[in-house]
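> Give me the fold of what follows.
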Amino acid sequence: MWVAGAERQFSLRPNSPSPEERMKRKQERYRKGLIIALNTYAKQNNMQLNELEIVEEKGRNQVDGSGGLYEHSNFLVKDLDGKRTLFFAETHPNCTQEEDVVLCAPLEESSYGNFFLVESSSSFPFLLGVSCANIYTSFPSHQQGHCFGCDDRAKELKHPSGGGYLGGLDEVIFHFDDLDSDDDYFM
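Modelled structure (predicted):
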């Protein structure tokens with residue numbers, strides 16, 4: 001009788017998604033987070049949401065920083081004229097709302113291979129409601145624009161040379177696997 005009851009319980013339990021389905025869901029969540037970051041940038045620069053379109057994500061990395069974990073991302077954005085621009089975003093993991101966006105801004109490559117924030121008409125980028133100009137000066141000059149968090153796992157990620165992000169400013173040994181709510185750990 002106990003065996004029959006256990007089999008009935010297991011038959012009622014929904015099947016866990018396949019690894020492929022979990023990966024697909026994770027990629028969809030990542031893309032939605034980038035869309036939220038780009039929409040936040042567009043709003044803060046008085047742009048229409050349909051003026052910018054994400055073409056592709058180039059890279060992503062989770063880093064430790066003051067206040068917790070952050071995700072650094074590079075992604076290509078196309079404007080209405082078809083011009084493609086590389087963007088940098090720092091968000092909280094599993095970004096689901098504008099408040100999860102720390103920084104989102106276009107990058108421009110200098111002749112020295114460094115990337116810097118593209119000037120905009122507004123005082124953006126804003127970092128948690130504070131102008132980044134005030135934040136830049138609060139970090140030692142050797143840390144401005146350098147992300148220790150991406151040195152180990154994501155050297156290809158481009159960062160603003162002037163800083164403006166919170167994660168990766170300190171050398172922290174940070175080894176973990178990317179977890180999310182669809183992973184087996186949460187099932």
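> does H146 really touch H159, like I thought?
Yes: contact criterion CB atoms under 8 Å: H146 and H159 qualify, at 7.5 Å. Backbone N, C-alpha and C define where each C-beta goes, glycine included.
> average model confidence for stretch 103-123?
What stretch 103-123 shows for mean pLDDT is 61.
> Sorry, wrong one. I was asking about stretch 151-170.
Taken as a whole, stretch 151-170 has a mean pLDDT of 85.
> Next, the buried residues of that stretch.
Neighbour-count burial for stretch 151-170 flags 154, 157-169 (criterion: 16 or more other CB atoms under 10 Å).
> Give the buried residues for the longest helix along the chain.
If you go by DSSP state H, the chain has its longest helix at helix 19-44. Buried residues in helix 19-44, counted by 16+ other CB under 10 Å: 22, 26, 29-30, 33-42, 44.
> The closest residue to N39 other than its chain neighbours and K26: what is the separation?
Spatial nearest neighbour of N39, chain neighbours left out: L49 (5.5 Å); criterion: CB to CB, 6 or more residues apart in numbering. Shown here: L49 relative to K26, a distance of 24 Å by CB to CB, to the nearest Å.
> for P14, same thing?
P14 is 18 Å from K26, by CB to CB.
> In terms of secondary structure, what does the top strand by length along the chain contact?
Looking across the chain with DSSP state E, the single longest strand is strand 52-65. Using 3 or more CB pairs under 8 Å, 6 or more residues apart in numbering; DSSP states H and E, the elements in contact with strand 52-65 are helix 19-44, strand 68-79, helix 148-153.
> Mind checking the pLDDT average for it?
Per-residue pLDDT over strand 52-65 has a mean of 94.
> number of nearby residues for E53?
E53 has 15 neighbouring residues, counting by other CB atoms under 10 Å.
> Contact partners for the residue nearest to it when sequence neighbours are not counted?
Sequence neighbours aside, K78 is the residue nearest to E53 in space, at 4.9 Å (criterion: CB to CB, 6+ apart). By CB atoms under 8 Å, 6 or more residues apart in numbering, K78 lies in contact with 52-53, 55, 84.
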